[in-house]
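> what's the 3D shape of this:
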Amino acid sequence: MRRAVTMTLCAAGAMLMSGFVRTAAADAVYGCGDIIATGNKGEILSVTWDGTTHLTSELVCGKTRVYNAANVGVPSAYPAPGADDFCFDRTMHTTDNGAYLKTLFDVYSTTFFVFENNGNDDATWYGIHENGTLRPGVLVDASKVAKNTHYTTGLGCQRLMGYCFKTDVPVKGIRIVGRGFDAYSISCIPIPEPATLTLLALGGAAALRRRTARRL
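Now for the predicted structure:
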């Protein structure tokens, strides 16, 4: 019985480690039907997704820039702090003058929250690896994914729409390609570095093997 449990746990650890080197394109964008944002006076206070509520103190914002088709940074029509905060009111980064926006984080994550103006702009979403390479793109039909958070923005009282972008492996940023995409807030749930998680899995499996050997 103990041997079976140990083998099961070791297999689970191996699956955990293999998850960080997979290349399967399983990234996906989920709509606000699964995301609930709560706020006060134009500020996001918490985000609920998949049955779990995250206070903004548990989330991390990145650094966002807008780029043109030649990958050159361009000014956003609504400048900093833009999407790099939890404000619903009058700050955003928009691709009205560019081709895409890129947000880089100081932490790893597989779960990103994006709140956008009106949710009527289709776009392709990419995870960004630490070395700058992109994961396979996810083409998002906004009419099928974006749903209302029931908050309005400070710019013309337009609807604020929410998305959750899930990546199959930990990444350090996201790229959203599409004209007219207006991001009010981009944040993520931070996780340990993949190497740290791998070491934890290895250490846990080794400890279980040693404990089982002593009992036999």
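
> So what sits opposite Val47 in the bridge?
Ala37, His54 (DSSP bridges).

> Would you confirm that it contacts Phe113?
Yes. Using C-beta atoms under 8 Å, Val47 is in contact with Phe113, at 5.3 Å. To be clear about C-beta, it is placed using only N, CA and C from the backbone, and glycine gets the same treatment.

> Which neighbours do those two have in common?
35, 59, 162, 187 (C-beta atoms under 8 Å, 6 or more residues apart in numbering).

> Of the residues you listed - the most surrounded one?
Greatest neighbour count in the shared contacts of Val47 and Phe113, by other C-beta atoms under 10 Å, goes to Gly162: 28 neighbours.

> and that one, what does it touch?
31-32, 35, 37, 47, 113-116, 146-147, 149.

> Tell me which of Val47 and Phe113 has more neighbours.
Comparing Val47 with Phe113 by other C-beta under 10 Å, the one with more neighbours is Val47, at 27 against 24.

> picking that back up, among the shared contacts of Val47 and Phe113, name the ones in strands.
Secondary structure assignment by DSSP state E places 35, 162, 187 of the shared contacts of Val47 and Phe113 in strands.

> residues in contact with the last one?
It stands for Ser187. 47, 56, 59-62, 86, 112-113.

> Tell me, how many residues neighbour the residue nearest to Phe88 when sequence neighbours are not counted?
Excluding its sequence neighbours, the residue lying closest to Phe88 (C-beta to C-beta, 6 or more residues apart in numbering) is Gly42, at 4.4 Å. By other C-beta under 10 Å, 17 other residues sit near Gly42.

> Go ahead and confirm Gly42 touches Asp89.
Yes. Counting by C-beta under 8 Å, Gly42 does reach Asp89; the two are 3.4 Å apart.

> quick one: common contacting residues for those two?
Gly154.

> list the contacts for the nearest residue to Val60 once chain neighbours are set aside?
Spatial nearest neighbour of Val60, chain neighbours left out: Pro190 (5.0 Å); criterion: C-beta to C-beta, 6+ apart. By C-beta under 8 Å, 6+ apart, the contact set of Pro190 is 59-60, 105, 107-109.

> Ramachandran coordinates for Pro190?
phi -70, psi 150 (degrees, to the nearest 10).

> ok, it to Gly162 distance?
Using C-beta to C-beta, to the nearest Å, one gets 19 Å for the distance from Pro190 to Gly162.
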